[in-house]
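Peer 1: pasting the sequence and the predicted coordinates here, then a few questions.
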Amino acid sequence: MTDIRIEIARHFFASVAEEMGAALMRAAFSPNIKERRDYSCAVFDAKGQMVAQAAHIPVHLGSTPMSVRAALDAFTFVPGLEVALNDPYAGGTHLPDVTLVTGVFDEGGELRFLVANRAHHADVGGISPGSMPLSKHIDEEGIRFGPTRLDDGFVDKFCSASRTPDERRGDLAAQRAANRRGAIRLAEALAANKHVDMLDALIDYSERMMRTVISRIPNGRYDFADVLDSDGQGTFNIPLRVSIVVEDDNMVVDFLDAVDQVLGPVNVPAAVTASAVYFAVRCLAPSEMPSNAGYMRCIDIRTRSGSFLDAVWPAPVAIGNVETSQRVADVVFGALALACPDKVSAASQGTMNNILIGGHDPRHGQSFAYYETIGGGMGAGPNHDGASGVHSHMTNTLNTPIEALEHAYPFSISRYAIRRASGGAGEYGGGDGVVRAYEFAHQVTVTLMTERRVSRPYGLCGGEAGKAGRNLLIRDGITTELPDKVTMETRPGDVIQIHTPGGGGFGQKEPASPTDLGPT
């Protein structure tokens, strides 16, 4: 068995997942999926081991396999069965992320693969538009369901729970089409007996590559700590600590002393914590390493059930998936920087700057719900400046084009610009954040779920921290600072400005020479 066969199989299975994603994006109804591409697609073997994931959303990396496992535990897959779930306590992330799992069978009717995709639906009910509210209980966040047979009755129930049922029906149909596309490609491979005998070798190859990466990290214990700004319900400066122990080709990532789950929705299920860890460690590996179950075997993630990093019912989790996941990645990168400072960049913006807007669209006489995240500054690295105005780490979504946004919704973008000098200084400078301003001609409900408004993205090796973000309301010519997490009703003419954080700098910036300083 040669390495070239493994490489060909790697590209084949990854291409199946990528083709699924292309089908999902093209068929979707909502700008959140069609424009921002807030989805992930993956291929699994019949045992539920991930074989390949497309380069979509990192926060889905470790959690989608848990959803597939939950579906396998709940159902015996037969041809025609489609299983949907979004329960954060059954491998999900937060309620808007709906996972769809479909079996792929050979000509003899034996289950050989599973295909799965996860897409963020812009509204699944709950106490505020967008289904990422300032909640205190999971039931306030929208409809929740464990592994469920996808039939007409379920589709009707799911869509009726949303403020935008037609859009939900369209996006769900796009998810079904994506899985069918993946199933067709895998069925073709099964019929031709191509690549399907390489599954175990491909997964083992990924494990060998990751063990080699870990073995090059000096043995030892590496601790790092940071804080979350708040939970949105009165708890501030929530400590976030990790201990990483490296011993030869094994790694233990320990969050056992995490604080208990909190009242507000920054809690995360263990699946999200795992996703952030896998992402951060994966960044140390060569880009050609297959993203599958193999490399995950090398990383032992330890959490405590009932803590805010391993939440249990009825903890609210709406923004843990987007905000806490970013900060878990921050602390893991911080610890890894102690072990291998030549391979890790300073902190990126550490937030997705979530904004949710919903209400009545007077143009069409219908309800609408819109969700987007906003880019910011990337951290500088050992030999490069940080990028400006980009989505980083646990999100891999795109910018929503202003033209598409203003066509679909009854508000406008009055400013969109780089936030100059917001990146941290250093030998290499952190990337700058952005300023994005939303102007409202009608009353709508706006929810902001953001982080790094108090704490700042750290620099490394003497580099300075990036600037914290700001949320501003401009009303009747008066500018008011908004909290990091808030739900509010706008008035006609209001403008909300989001100033996103910059990335941290790397390395000590050398003082200017006398000639640089100009005449004295």
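Peer 2: Nice, thanks for sending it over. Residues are numbered from 1 along each chain as shown.

Peer 1: so where's the stretch 351-500 of the chain uncertain?
Peer 2: Confidence mapping of the stretch 351-500 of the chain against pLDDT under 70 gives zero matching residues.

Peer 1: the strands in it, which residues?
Peer 2: For the stretch 351-500 of the chain, applying DSSP state E, counting those that start in this stretch gives strands covering 354-361, 366-372, 411-419, 433-440, 445-449, 470-475, 478-481, 485-489, 495-499.

Peer 1: quick one, which of the ones you listed gets closest to residue 43.
Peer 2: Of all these, strand 366-372 sits nearest to residue 43, with 27.4 Å by C-beta to C-beta. For the C-beta atoms, the positions are set from N, CA and C on the backbone; glycine is no exception.

Peer 1: check which helices and strands that closest one sits against.
Peer 2: helix 31-34, strand 354-361, helix 402-408 (3 or more C-beta pairs under 8 Å, 6 or more residues apart in numbering; DSSP states H and E).

Peer 1: related to what we said a few turns ago, need the strands of the stretch 351-500 of the chain in CSV (columns: mean neighbour count and distance to residue 275).
Peer 2: As requested, those are arranged in CSV below (neighbours: other C-beta atoms under 10 Å; distance: least, C-beta to C-beta, whole Å):
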stretch, mean neighbour count, distance to residue 275
strand 354-361, 21, 17
strand 366-372, 22, 19
strand 411-419, 16, 28
strand 433-440, 23, 24
strand 445-449, 24, 18
strand 470-475, 17, 26
strand 478-481, 9, 32
strand 485-489, 17, 22
strand 495-499, 21, 25
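
Peer 1: for residue 174, find the nearest of those.
Peer 2: Of all the strands of the stretch 351-500 of the chain, the one in closest proximity to residue 174, counting by C-beta to C-beta, is strand 366-372 (16.6 Å).

Peer 1: what pairs with the closest one, parallel or antiparallel?
Peer 2: Partners of strand 366-372 in the sheet, by DSSP bridges, are strand 354-361 (antiparallel).

Peer 1: so what's the most centrally placed residue in the chain up against?
Peer 2: Within the chain, the residue whose C-alpha comes closest to the C-alpha centroid is residue 59; the distance, by C-alpha atoms, centre = their mean, is 3.6 Å. In this structure, residue 59 makes contact with 93, 272, 275-276, 279, 321-322, 325, 394-395, judged by C-beta atoms under 8 Å, 6 or more residues apart in numbering.

Peer 1: cool, and residue 187?
Peer 2: Counting by C-beta under 8 Å, 6+ apart, residue 187 makes contact with 104-105.

Peer 1: so how far is residue 102 from it?
Peer 2: Distance, residue 187 to residue 102, using C-beta to C-beta, to the nearest Å: 11 Å.

Peer 1: what's the answer for residue 386, then?
Peer 2: From residue 386 over to residue 102 (counting by C-beta to C-beta), the distance is 40 Å.

Peer 1: for residue 395, which non-adjacent residue is spatially closest?
Peer 2: If the residues on either side of it in the chain are set aside, residue 395 comes closest to residue 352, at 5.2 Å by C-beta to C-beta, 6 or more residues apart in numbering.

Peer 1: also residue 79?
Peer 2: Taking C-beta to C-beta, 6+ apart as the measure, residue 79 lies nearest to residue 105, with 5.5 Å between them; neighbours along the chain are not counted.

Peer 1: that neighbour contacts residue 46, correct?
Peer 2: No - Residue 105 is not in contact with residue 46 according to C-beta atoms under 8 Å; the separation is 9.4 Å.

Peer 1: quick check: neighbours shared by these two?
Peer 2: Shared between the contact lists of residue 105 and residue 46 (criterion: C-beta under 8 Å, 6+ apart) are residues 111-112.
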